[in-house]
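Visitor: Predicted coordinates and the sequence they were generated for:
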Amino acid sequence: MTAVPLVRFLLRLVAIVLVVVSTLPFLHTNLWWVRICDFPRLQVAGLALALLLVAVFLRGRMKRTDQVLAGLLAVVVAIQSWFIFPFTPLARKTVPDAADPVPERTLRVVAANVLMENRDATALLAILREREPDIILLSEPDAWWIEQCRPLEASHRFTVLQPQSNHYGMALYSRFELVAPEVLFRVEPGVPSIRAGVRLPGGALVELYAVHPRPPGSDPPGADERQSSAPRDAELILVAREIEERGVPALVVGDYNDVAWSHTTRLFQRLGRLLDPRVGRGLFNTYHAQHPLMRYPLDHVFHTGHFSLAGLERLSEFGSDHFPMFAALVFQPEAATPPSGTPHPEGNDRQEAEQTIRKAAPEEAGR
């Protein structure tokens, strides 16, 4: 095969892969290799656009097959742009900027996946000292990390510590009183989450959910159900269902192991009527810290419509594969009605949610 036909073949192959990767996420399935295709939308859009530019440059020498593929690539760019657009400054914000960030109503949160094997706690502690958050959530801490973070307990005396050596430990540190904190294992025995009330200085109580569900495709071969995204999806859905049932001000913080635009995350938002402060502000890609071309927004701070936003930022790298995420939320008790654009359940959302729960957590189904 000569150079020109080989290049043409490779370009066609890449184009076909991009079309397939863009199409698969429309299948409502928990298969991990389908759900993983939700992640690289920005990368797929960029590569498809680059191939389109090549097609324009070579349009005089394109065969019929190439013309069809070029048309499909244009569709790929349009599809991916549709998903990405809400997370650009061109889109309308669903969470309003805080007009008056009253200190006693402001909750400053940092969520950081420390990467269990990372041993640069000093860098993380320096970031936290600079930001002075009220709430700190660490994902993946083992016993070593808990020991290294003991200094945090001087300023954040309310804690929930669940160190584990399986990459699913959690540690919650709070300046404010934690009311009835619990460590929960909603779906899988080794994958905890945390639920706690947070008493703000002004006396208001908001509900905090800390999550770090297992990513799809992360388990050893042979456990087919665990290979799927069903455990992750079910955990997020169970949290959303609880928030809807309780109807109280709430925020859900952590490494979701899912991107902001996926079908699962959008279902989670609709069921819990949760807002994403990223919308209209930016992607804030938090993973992978060491690979700039392959980054996705996996660490989130979603909340009910009881908050406005005083600040949102991706913080500095500290040796983990995740960047920390910072958000300053201002509680607005006067927000009796949700902001326009607040997601809400539609169509067969509840039926789909029940089916997913039945797959991964059958004891929770029908509750």
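Guide: Structure's in. What do you need? Numbering: from 1, shown residues only.
Visitor: rest of the way, CA atoms for contacts and neighbours
Guide: Will do.
Visitor: which stretches of the stretch 51-200 of the chain form helices?
Guide: With helices called from DSSP state H, counting those that start in this stretch, the stretch 51-200 of the chain shows them at 64-84, 121-131, 143-148, 152-155.
Visitor: looking at these, which is closest to Leu267?
Guide: Nearest to Leu267 among the helices of the stretch 51-200 of the chain is helix 64-84; the distance by C-alpha to C-alpha comes to 14.3 Å.
Visitor: Tell me the buried residues in that closest one?
Guide: Judged by neighbour count using 16 or more other C-alpha atoms under 10 Å, the buried positions of helix 64-84 are Asp66, Leu69, Ala70, Leu72, Leu73, Ala74, Val75, Val76, Val77, Gln80, Ser81, Ile84.
Visitor: can you list contacts of it?
Guide: 12, 15-16, 18-19, 22, 41-42, 44-46, 48-49, 51-52, 55, 261 (C-alpha atoms under 8 Å, 6 or more residues apart in numbering).
Visitor: filter those residues to the buried ones?
Guide: 12, 15, 18-19, 22, 41-42, 44-45, 48-49, 51-52, 55, 261.
Visitor: Among those, name the ones in strands.
Guide: The subset of the buried ones among the contacts of helix 64-84 located in strands under the criterion DSSP state E is empty.
Visitor: now, the most widely separated pair of those residues?
Guide: With C-alpha to C-alpha as the measure, no two of these lie farther apart than Ala55 and Trp261, at 28.8 Å.
Visitor: before we move on, the earlier item: cross the buried ones among the contacts of helix 64-84 against helices and list the overlap.
Guide: Using DSSP state H, the members of the buried ones among the contacts of helix 64-84 that fall within helices are 12, 15, 18-19, 22, 41-42, 44-45, 48-49, 51-52, 55.
Visitor: Relative to Glu177, how far out is Leu49?
Guide: 50 Å (C-alpha to C-alpha, to the nearest Å).
Visitor: Please work out how many residues are found near Gly169.
Guide: Burial measure for Gly169: 25 neighbouring residues, criterion other C-alpha atoms under 10 Å.
Visitor: same check, this time on Phe268
Guide: 26.
Visitor: what's the answer for the one 5 residues further on, then?
Guide: As a burial measure, the neighbour count of Arg273 was computed by other C-alpha under 10 Å and equals 24.
Visitor: Next, the contact list for it, please.
Guide: Applying C-alpha under 8 Å, 6+ apart to Arg273 gives the contacts Ala240, Glu244, Thr304, Gly305, Thr342, Pro343, His344, Pro345.
Visitor: And Arg12, by the same measure?
Guide: If you count contacts by C-alpha under 8 Å, 6+ apart, Arg12 has them with Asp66, Leu69.
Visitor: Got the confidence number for it?
Guide: On the pLDDT scale, Arg12 is placed at 84.
Visitor: go on, Arg175?
Guide: As predicted, Arg175 sits at a pLDDT of 98.
Visitor: That one: what's its closest spatial neighbour, skipping adjacent residues?
Guide: The shortest distance from Arg175 to any non-neighbouring residue, by C-alpha to C-alpha, 6 or more residues apart in numbering, is to His156 (4.3 Å).
Visitor: Now do the one you found against Ser174, distance only.
Guide: Taking C-alpha to C-alpha as the measure, His156 and Ser174 are separated by 5 Å.
Visitor: Name the residues contacting each of the two.
Guide: Taking C-alpha under 8 Å, 6+ apart as the criterion, His156 and Ser174 both touch Asp134.
Visitor: dump the residue contacts of Ile127.
Guide: Ile127 sits next to Leu315, Ser316 when contact means C-alpha under 8 Å, 6+ apart.
Visitor: how much space between it and Glu363?
Guide: The span separating Ile127 from Glu363 equals 41 Å under the rule C-alpha to C-alpha.
Visitor: what's the burial count for Asn166?
Guide: Burial of Asn166 is recorded as 12 neighbouring residues (other C-alpha under 10 Å).
Visitor: I'd like the distance from it to His300, if you could.
Guide: Looking at Asn166 against His300, where the rule is C-alpha to C-alpha, the gap reads 22 Å.
Visitor: which element follows the helix or strand bottoming out on mean pLDDT in the chain toward the C-terminus?
Guide: Lowest by mean pLDDT, DSSP states H and E among the helices and strands of the chain is helix 224-227, with a mean of 56. Moving toward the C-terminus from helix 224-227, the first helix or strand encountered (DSSP states H and E) is helix 230-246.
Visitor: Please report phi then psi for Pro141.
Guide: According to degrees, to the nearest 10, the main-chain angles of Pro141 amount to phi -70, psi 140.
Visitor: give the contact list for it.
Guide: Residues touching Pro141, when contacts are defined by C-alpha under 8 Å, 6+ apart, comprise Val114, Leu115, Met116, Gln162, Pro163, Gln164, Ser165, His167, Tyr168, Gly169, Met170, Ala171.
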